[in-house]
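Participant: no sequence for this one, just the structure:
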């Protein structure tokens, strides 16, 4: 049996609606490791690569978090939401008949390179010891300062309005939900994120990841061996 306390790095394909903490909790139970952590939170409505480190490998978490990340997903133009994704209801609907693929291609150029970005108020950013989303869900006013983030690549892979599919390669701390909001603002029609999948962290790909079910089956097989 593998001693996960000695240290292992595990690539998991996080399922939709699971929190990153739920994945950590599940793997702590399966591996019996005393120390288990993840390298970069994924929102419940996102899927894809979650790097889990156990035992001595938890010291490598910061290194993984600092790596470039790749995402694919979908923006919806013509409306905004308070959370910038599907967690909250659409508001402020605007026409998009005049929006062209060329206009979107032009607008996205503003968000390539080092940019200033405000994290969503519905996020895990800590404000005076409390998560921003906890304040936001209570209806409190939340003010988060903008920070510098790096967007290395921003590619449109499908434009069928109101939907726009994308592939983005970005640095630590970049919120794709905020990119959706900001792109919608740049276009003057509003936008929000409707699907998100993390496909890479550094050289580790989601193609090499286990689903939670696959990992559980592997642990059971090891115990029976």
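Facilitator: It's in. All figures in this text were calculated on a predicted structure; none of them were measured in a lab.
Participant: how about the helices in this structure?
Facilitator: In the chain, the helices defined using DSSP state H lie at 20-31, 61-65, 101-108, 132-137, 176-187, 212-224.
Participant: and residue 86, which of those is closest to it?
Facilitator: Residue 86 lies closest to helix 176-187 among the helices of the chain, at 10.1 Å (C-beta to C-beta). Where C-beta positions appear, they are placed from N, C-alpha and C, glycine not excepted.
Participant: and the angle for the closest one with helix 101-108?
Facilitator: Angle, helix 176-187 to helix 101-108, by axes from the mean of the first three to the mean of the last three C-alpha atoms, to 10 degrees: 120 degrees.
Participant: other SSEs contacting helix 176-187?
Facilitator: Using 3 or more C-beta pairs under 8 Å, 6 or more residues apart in numbering; DSSP states H and E, the elements in contact with helix 176-187 are strand 69-77, helix 101-108, strand 113-117, strand 163-170, strand 191-201.
Participant: quick one: residue 152 and residue 70 touch, right?
Facilitator: No - using C-beta atoms under 8 Å, residue 152 is not in contact with residue 70; the gap is 9.3 Å.
Participant: overlap of the contact sets of the two?
Facilitator: Common neighbours of residue 152 and residue 70, using C-beta atoms under 8 Å, 6 or more residues apart in numbering, are 169-170.
Participant: what about those two, which has more around it?
Facilitator: Taking other C-beta atoms under 10 Å, residue 152 and residue 70 do not tie; residue 70 has more neighbours (20 against 15).
Participant: who's the residue nearest to the more buried one when sequence neighbours are not counted bridged to?
Facilitator: Closest residue to residue 70 apart from its sequence neighbours, by C-beta to C-beta, 6 or more residues apart in numbering: residue 200 at 3.8 Å. Beta-bridge pairing of residue 200 under DSSP bridges involves residue 70, residue 205.
Participant: start at 355 instead
Facilitator: Taking 355 as the first residue, the last one we looked at is residue 554.
Participant: am I right that residue 554 is in contact with residue 426?
Facilitator: No - using C-beta under 8 Å, residue 554 makes no contact with residue 426, being 9.9 Å away.
Participant: contacts only, for residue 468.
Facilitator: Residue 468 neighbours (C-beta under 8 Å, 6+ apart): 502-504.
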